[in-house]
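Undergrad: I would like to see how this sequence folds:
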Amino acid sequence: MSTPLCIFDTTLRDGTQGEGISLTAEDKVKIALKLDALGVHYIEGGNPGSNSKDIEFFRRVREMKLQAKLTAFGSTRRKNSVCEQDINLKHLTESGARAATLVGKTWDFHVHTALQTTLDENLAMIYESLAYVKHSGMEALFDAEHFFDGYKANPDYALSALAKAKDAGAAWIILCDTNGGTLPSEISEIVSRVVSVIDAPIGIHTHNDCELAVANTLAAISAGARQVQGTINGYGERCGNANLCSIMPTLQLKMGYSCVSDEQLRSLTSVARYVSEIANVHMPVNQPYVGNAAFAHKGGIHVSAIMKDSKTYEHIEPLLVGNKQRVLVSELAGQSNILSKAQEMGLDVNPESMKSREVIDRIKELEHQGYQFEGADASLELLLRDAYGDAVQIFTVDSFKITVEKSAGGMTSEAIVKINVAGEQVYTVAEGNGPVNALDNALRKALVQFFPGIRDIHLSDYKVRVLDEKDATAAKVRVLVESTNFKDTWSTVGVSSNVIEASWEALVDSIRYSLIGMDKGGAIAPELVQTNGLVNH
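TA: Predicted structure coming up:
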């Protein structure tokens, strides 16, 4: 029987303190629902007295039947005051949340310097505030801020602060490495000491300033902590918080602990990518477990081995966390890469034929021209389908035209697109905030009447790389477009000396790839699909 652990998600509070992250109340509601479905035990929504967004969030979410405990965040009462007159504690207890996390000082240096009060008054602030929250009917949790720094400076005082929290009835005491500067060996030693002297459930909250937040969390759990605090994708102030997307599968798949159900763990990748999209923060491609390259293989020897048994180069099965194996094809690829990719697509490929070698040579030639297929899986799949006679022609492009006008009102772009779908010619016009956006809008406008599912697809990233800097404005460029429908993410590539043409090539590939996916699911009427042809772009 695996040991159960408590997962405390603070993406909506601590995660939003990361640079560049700003969530609306609606964003926070959407993410809360995803976190609840993932199976986390606590969802910390923010400080209900700090801003109007958090006030609205708590108002809206308390009407929902979340399985997780909605948790409000605040601090201990002000020095030399009483809890009943503390406006922040009042907002906390009126938030409708089932639990409240109070942060308090455990480092004597902070008590003297930041609070500018006495050590005894700080202990009174901790005790009285937690007791007040508990008396209101909420579950009280204590975030022992700067605990590890405080313990190293004055262990007796740091432990006395925890003892006060316990005496006040705190359901959990969470040890915080607030500055993120503690090493795993120190975490292990200190947590072991705390567990031996404080008779209360202990949690761990780490920051990533030394790239050790995940390691420090795992060390704390091994030493006896039973609650994990962290954020999705490690979002948070400065260098971020402990990344639950790395911690949860490591604890569950490698260390014998139970965090969520196996089925919920299989949703981890989709949750990570969903939160990334809502937060408008691009996920690192090499993020462990949930990153797009977490189970990607490029070298021919590696691919040859995983085709025999994936355990040769994969530490877990990707499906356990909802990810998938990817085989990258580039100028370094061997025949194994092509065969694996074709098999993944369900193509009937004869490994003894010359076709695979021809495809490899074609890919190498295209990469010499500037294409990059290891970062554009969707364009690669379209190329392979064409090569092996399985291309799907859902629409063709007859022409497009773009106009850009500068006026007193600013720059405006307009695109005219003429396409053909199953013999029916469609002519559309759309505006955009730039020529590429106008083209994207016009193409979607032309196709949406035939394929309504296109409404769920949007561009999540757009990159332009100059390939021949010496040619200045006449240089060839490579455009990489990443698209998503919140469930899947795919990338396409276009290359040209004209940035509009390169962008158009990548856009058409993106839409065409998504429509092939809809066709596989039976979402496209058969009369709209023709095989053994290639979209003209």
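Undergrad: where along the stretch 101-250 of the chain do the helices fall?
TA: 108-110, 119-135, 147-153, 155-167, 184-197, 213-222, 244-254 (DSSP state H, counting those that start in this stretch).
Undergrad: so which of these is nearest V479?
TA: helix 244-254 (29.2 Å; C-beta to C-beta). C-beta: built from backbone N, CA, C; applies to glycine.
Undergrad: could you figure out how far the closest one is turned away from helix 213-222?
TA: 40 degrees (axes from the mean of the first three to the mean of the last three C-alpha atoms, to 10 degrees).
Undergrad: can you give me the buried ones in helix 244-254?
TA: L244, C245, S246, I247, M248, P249, T250, L251, Q252, L253 (16 or more other C-beta atoms under 10 Å).
Undergrad: quick one: list the elements packing against that helix.
TA: The contact analysis (3 or more C-beta pairs under 8 Å, 6 or more residues apart in numbering; DSSP states H and E) places helix 244-254 against strand 6-9, helix 213-222, strand 227-230, helix 262-265, helix 268-279.
Undergrad: what's the mean pLDDT across the longest one?
TA: If I follow you right, that is helix 268-279. Averaging pLDDT along helix 268-279 gives 91.
Undergrad: picking up where we left off before, need the winner for burial among the helices and strands packed on helix 244-254.
TA: A comparison of the helices and strands packed on helix 244-254 by mean neighbour count, using mean count of other C-beta atoms under 10 Å, puts strand 227-230 on top with a mean of 28.
Undergrad: just checking, what packs against it?
TA: Using 3+ C-beta pairs under 8 Å, 6+ apart, strand 227-230 sits against strand 6-9, strand 172-177, strand 202-206, helix 213-222, helix 244-254.
Undergrad: tell me which of these sits nearest to A144.
TA: Per C-beta to C-beta, nearest to A144 of the helices and strands packed on strand 227-230: strand 172-177, 5.4 Å.
Undergrad: ok, and what's touching stretch 179-198?
TA: Contacts to stretch 179-198, defined as C-beta atoms under 8 Å, 6 or more residues apart in numbering, come from residues 146, 148-149, 151-152, 155, 159, 162-163, 166, 173, 175, 177, 202, 204, 206-210, 212-213, 215-216, 218-220, 222-225, 238-239.
Undergrad: show me which of those residues are buried.
TA: Buried, going by 16+ other C-beta under 10 Å: 146, 148-149, 151, 159, 162-163, 166, 173, 175, 177, 202, 204, 206-210, 212-213, 215-216, 218-220, 222-223, 225, out of the contacts of stretch 179-198.
Undergrad: just to revisit the earlier point, can you put the helices and strands packed on helix 244-254 in TSV and add distance to G45?
TA: Output for the helices and strands packed on helix 244-254, formatted as TSV (distance: least, C-beta to C-beta, whole Å):
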stretch	distance to G45
strand 6-9	10
helix 213-222	22
strand 227-230	14
helix 262-265	20
helix 268-279	14
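Undergrad: so which of those comes closest to E482?
TA: Using C-beta to C-beta, the helices and strands packed on helix 244-254 put helix 268-279 closest to E482, at 10.7 Å.
Undergrad: before we move on, the earlier item: indicate which one of the helices and strands packed on helix 244-254 is closest to K418.
TA: helix 268-279 (31.9 Å).
Undergrad: contacts for that closest one, please.
TA: For helix 268-279, using C-beta under 8 Å, 6+ apart, the contacting residues are 11, 15, 21, 23, 27, 30-31, 34-35, 37-38, 232-233, 235, 245, 248-249, 282-283, 287, 289-290, 321-323, 460, 484, 486-487, 489.
Undergrad: the helix or strand just after it packs against which elements?
TA: The first helix or strand that comes after helix 268-279 along the chain, using DSSP states H and E, is strand 296-297. If contacts are counted by 3+ C-beta pairs under 8 Å, 6+ apart, strand 296-297 sits against strand 326-327.
Undergrad: could you pull up the mean pLDDT of the strand it packs on?
TA: 74.
Undergrad: quick one: list the elements packing against that strand.
TA: strand 296-297, helix 335-344.
Undergrad: among these, which gets the worst mean confidence?
TA: helix 335-344 (a mean of 66).
Undergrad: could you point out which element follows that one?
TA: Immediately after helix 335-344, counting by DSSP H and E, sits helix 355-369.
Undergrad: where does pLDDT dip in the stretch 1-150 of the chain?
TA: Across the stretch 1-150 of the chain, the ranges flagged by pLDDT under 70 are 1.
Undergrad: okay, stretch 505-517 in CSV with CA atoms only?
TA: Extracted in CSV, the C-alpha atoms of stretch 505-517 (Å, rounded to 0.1, in the frame of the first residue of the first chain):
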residue,chain,number,x,y,z
GLU,A,505,3.1,28.1,-45.8
ALA,A,506,3.2,27.4,-42.1
LEU,A,507,-0.3,28.6,-41.5
VAL,A,508,-1.8,26.4,-44.3
ASP,A,509,0.1,23.4,-43.0
SER,A,510,-1.2,24.1,-39.5
ILE,A,511,-4.9,24.3,-40.6
ARG,A,512,-4.5,21.3,-43.0
TYR,A,513,-2.9,19.2,-40.2
SER,A,514,-5.8,20.0,-37.8
LEU,A,515,-8.4,19.1,-40.4
ILE,A,516,-6.7,15.7,-41.0
GLY,A,517,-7.1,15.1,-37.3
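Undergrad: identify the residues contacting it?
TA: 376, 378-379, 381-382, 385, 392, 394-395, 397, 436, 439-440, 443-444, 447, 451, 453-454, 457, 459, 479-481, 483, 485, 488, 490, 492-496, 524, 535, 537.
Undergrad: next: stretch 230-244.
TA: 7-11, 14-18, 21, 31, 35, 40, 180, 204-209, 211, 213-214, 216-217, 228-229, 245-247, 271-272, 275-276, 279, 281, 283, 287, 290.
Undergrad: quick check, G74 in a strand?
TA: Yes. Per DSSP: H, G, I helix; E, B strand; the rest coil, G74 lies within a strand segment.
Undergrad: that one: how many residues sit nearby?
TA: The local packing of G74 (other C-beta atoms under 10 Å) involves 24 other residues.
Undergrad: give the contact list for it.
TA: Applying C-beta under 8 Å, 6+ apart, the residues near G74 are N47, P48, G49, N88, L89, H91, L92, A100, T101, L102, V103.
Undergrad: neighbours of the closest residue to it other than its chain neighbours, how many?
TA: With C-beta to C-beta, 6 or more residues apart in numbering as the criterion, G74 has its nearest non-adjacent residue at 4.4 Å, and that residue is L92. By the measure other C-beta under 10 Å, the count of residues near L92 is 26.
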